[in-house]
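Peer 1: Structure for this input, please:
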Amino acid sequence: MARRFSIPPLAENNLIRNSCFGQGLSFFRHSGKGNAEVLTGPPNFCRLTGGILRHGFDVDNQIHADPDSVFPWHGSFVFKFRARGNGRLRAGLRWRLSCFRNETEFQVVTTPEYELADEFQEFRFEGTVEDHRASINDSVCFEILEGYADITGISLYYPEPIHEVVFDRPHIAALTGEEIRFRCQGAKQLLCCYGHAENELDPEIIDAPRGEFTMKLPGIGGEGFRFVGIGSSPNSRKSLFVSTPPAALLKQMRRHRFSSRPRHLLFFGDSLTAYDAGRNYTDIAGSFLPDSWSYTNAGIGGDDLTRLCKRLQGRPRTYRLEDFETIWEKIPDEIFIFYGANDTKAPWRTDYKVPITPPELERELLQEILESLREHAPRAEVTFIASPPGFFPYQEERNRRLREIGVQHSLFNMPEHVLAYNRVMRKFAACNGCTYLDFHRECAHHPDPKSLFIPDDGVHMTLKGHLTLAAFLLRYLEGRFPARK
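Peer 2: Model (predicted):
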């Protein structure tokens, strides 16, 4: 199993990144009397004259988000925002008690009633989630009790975690009935959450003083399960994901043999790479690579080639520039670039005809990115992974719903934009001595391509999608670095 090098977490592991109303009310819903409208700033703010304004997190947050945020149990949180106005305001935070099921049981905590003044003032609400059934943070809301309120600067986050819990690996792949072994140091308890709605198993709490565990993998539905190690301090947690791949696929991945010569892999990407540590393709592939190998996942949710280029060049005020401060401490032998989901999205304002990164801009960015990579790691092999096709009918259905309610949005995975993006990347790789891995073709030829992408948006990959990409990478790496006979 390859060693994973982790990027230090942000001091504020923020669960709301669209809080300044820069995209209108796209991520908010208003109900009740009165109305809500966005007014220009700076900063942009929302004027709420009555009713309730709610910001709902992604309903599949547990599928493609940071596990340290997904499991709020025993987590202290900070919910803060700035408001002014005339009257009284109350806010609330809600989390689901579904434990990966499609039930609608919630737990809600509310702030005190806040008196508003003419000038913006910051309100801060802190607490700890006590219910172990809390599987995801669900939403925040604002309720006008009297008068009106101007709201901005919304932030819900966990303070920087305390790193006293350590698993010896992030991922295990096994078949039902097989024995699995792992070590977890520093945890008082393990929370075991099983799969999704297909299973009938409740979450289980295991006392964890001994640190070493052996168990037979239970028969479960869904997509496997996650052990979350809970330490003695709030926000002290780490997780291990256990997947149950199809037997034929697992047999194939176990059959690969690699050179034991040390290699370090560095992955750049958007949310398809960044989210859900332990469950994504980097950790799955890493669990089958030799102990002498290592890897770093430098993916960042919402990223595109423009942001990657700026961050590699160290340009000031680049989004999450600090995430790249440590990635060159270990020089990679292999660099993988897996982008396209955000580059190929087409905004409403262009009638979906112009992607965020059109072909001419893509060529310029790829050139600058490659130059930066070769400055940092001149001997590294650079591999471009084609943007997958997604499952466009899911995206079309999402588009239809948003158009019906008049929400401005972008359309992802339009086939013509994805194909154009990949054509530019393929040609660029060939002209610059880089490798191009056609993951788009791999998905298109899969016997059940829609199963690779979540129904909620058709963009983010299911566990089956991550397993497919991991298996694709393992075949490629074995071809380049086979074990000596």
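Peer 1: quick check, R401 in a helix?
Peer 2: Yes: the assignment for R401 by DSSP: H, G, I helix; E, B strand; the rest coil puts it in a helix.
Peer 1: Now do the same for it: its pLDDT.
Peer 2: For R401, the pLDDT comes out at 84.
Peer 1: That one - how many residues pack around it?
Peer 2: Using other C-beta atoms under 10 Å as the criterion, R401 is surrounded by 11 other residues. (Glycine included, C-beta is placed from N, CA and C.)
Peer 1: just A285 next, same as before
Peer 2: Using other C-beta under 10 Å, the number of residues around A285 comes to 27.
Peer 1: Doesn't it lie inside a helix?
Peer 2: Yes: applying three-state DSSP, one finds A285 inside a helix.
Peer 1: what residue lies at the spatial centre of this structure?
Peer 2: Y275 (2.3 Å; C-alpha atoms, centre = their mean).
Peer 1: my guess is that residue meets M461, correct?
Peer 2: No: with contact defined as C-beta atoms under 8 Å, Y275 does not reach M461; the gap is 9.6 Å.
Peer 1: that older thread, how close does the residue nearest to the centre of the chain sit to R90?
Peer 2: 32 Å (C-beta to C-beta, to the nearest Å).
Peer 1: how far does the helix or strand that contains R226 sit from the chain's center?
Peer 2: Here R226, judged by DSSP states H and E, is contained in strand 225-230. Strand 225-230 has its C-alpha centroid displaced from the chain centroid by 17 Å (C-alpha atoms, centre = their mean, to the nearest Å).
Peer 1: Could you list the paired strands of the helix or strand that that strand is followed by along with their orientation?
Peer 2: Once strand 225-230 ends, the next helix or strand along the chain (criterion: DSSP H and E) is strand 237-243. Based on DSSP bridges, the strands next to strand 237-243 in the sheet, each with its direction, are strand 171-173 (parallel), strand 225-230 (antiparallel).
Peer 1: Now for the closest residue to D207 other than its chain neighbours: which residues touch it?
Peer 2: With sequence-adjacent residues excluded and distances taken as C-beta to C-beta, 6 or more residues apart in numbering, D207 is closest to Q189, at 6.0 Å. Contacts here follow C-beta atoms under 8 Å, 6 or more residues apart in numbering; on that basis Q189 touches I205, I206, D207, A208, G229, I230.
Peer 1: just I52 next, same as before
Peer 2: With contact taken as C-beta under 8 Å, 6+ apart, I52 is in contact with H30, S31, G32, C141, F142, E143, I144.
Peer 1: Give me the neighbour count for F268.
Peer 2: Using other C-beta under 10 Å, F268 has 27 neighbouring residues.
Peer 1: swap in G92?
Peer 2: Using other C-beta under 10 Å, G92 is surrounded by 17 other residues.
Peer 1: Quick check: bridge partners of it?
Peer 2: Following DSSP bridges, G92 is listed with bridge partners T110, C141.
Peer 1: who's in contact with it?
Peer 2: With contacts taken as C-beta under 8 Å, 6+ apart, G92 has the following neighbours: V108, V109, T110, T111, V140, C141, E143.
Peer 1: how much space between it and L116?
Peer 2: Using C-beta to C-beta, one obtains 17 Å as the distance from G92 to L116.
Peer 1: same question, A91
Peer 2: Relative to L116, A91 is positioned 12 Å away (C-beta to C-beta).
Peer 1: now swap in H264 and tell me
Peer 2: As judged by C-beta to C-beta, H264 and L116 stand 54 Å apart.
Peer 1: Between those two, point out the one with more neighbours.
Peer 2: For H264 versus L116, the count of surrounding residues by other C-beta under 10 Å is larger for L116: 22 against 19.
Peer 1: Spatially, what comes nearest to that one if we skip its sequence neighbours?
Peer 2: Leaving aside its chain neighbours, L116 sits nearest to G85 (4.0 Å; criterion: C-beta to C-beta, 6+ apart).
Peer 1: Just to be sure, that neighbour is in a strand?
Peer 2: Yes: with three-state DSSP as the criterion, G85 is part of a strand.
Peer 1: Per-residue pLDDT of it, please?
Peer 2: G85 carries a pLDDT score of 97 in this model.
Peer 1: With L463 instead?
Peer 2: You'll see L463 listed with a pLDDT of 91.
Peer 1: Number of residues surrounding the closest residue to it other than its chain neighbours?
Peer 2: Closest residue in space to L463, ignoring its immediate chain neighbours: E223 at 4.1 Å, by C-beta to C-beta, 6+ apart. E223 has 23 neighbours, counted by other C-beta under 10 Å.
Peer 1: Distance of the residue nearest to D207 relative to R237?
Peer 2: 10 Å.
Peer 1: what touches both of these two?
Peer 2: By C-beta under 8 Å, 6+ apart, Q189 and R237 have these common neighbours: G229, I230.
Peer 1: And the next helix or strand past the helix or strand of the chain with the lowest mean pLDDT?
Peer 2: Within the chain, confidence by mean pLDDT, DSSP states H and E is lowest for strand 12-14 among all helices and strands, at a mean of 64. For strand 12-14, the succeeding helix or strand toward the C-terminus, using DSSP H and E, is strand 28-31.
Peer 1: Can you give me the buried ones in that next one?
Peer 2: Within strand 28-31, the residues that count as buried by 16 or more other C-beta atoms under 10 Å are F28, H30.
Peer 1: Follow the chain on from it and name the next helix or strand.
Peer 2: The helix or strand immediately downstream of strand 28-31 is strand 36-39, counting by DSSP H and E.
Peer 1: Show me what counts as buried in that next one.
Peer 2: For strand 36-39, the neighbour count (16+ other C-beta under 10 Å) marks A36, V38 as buried.
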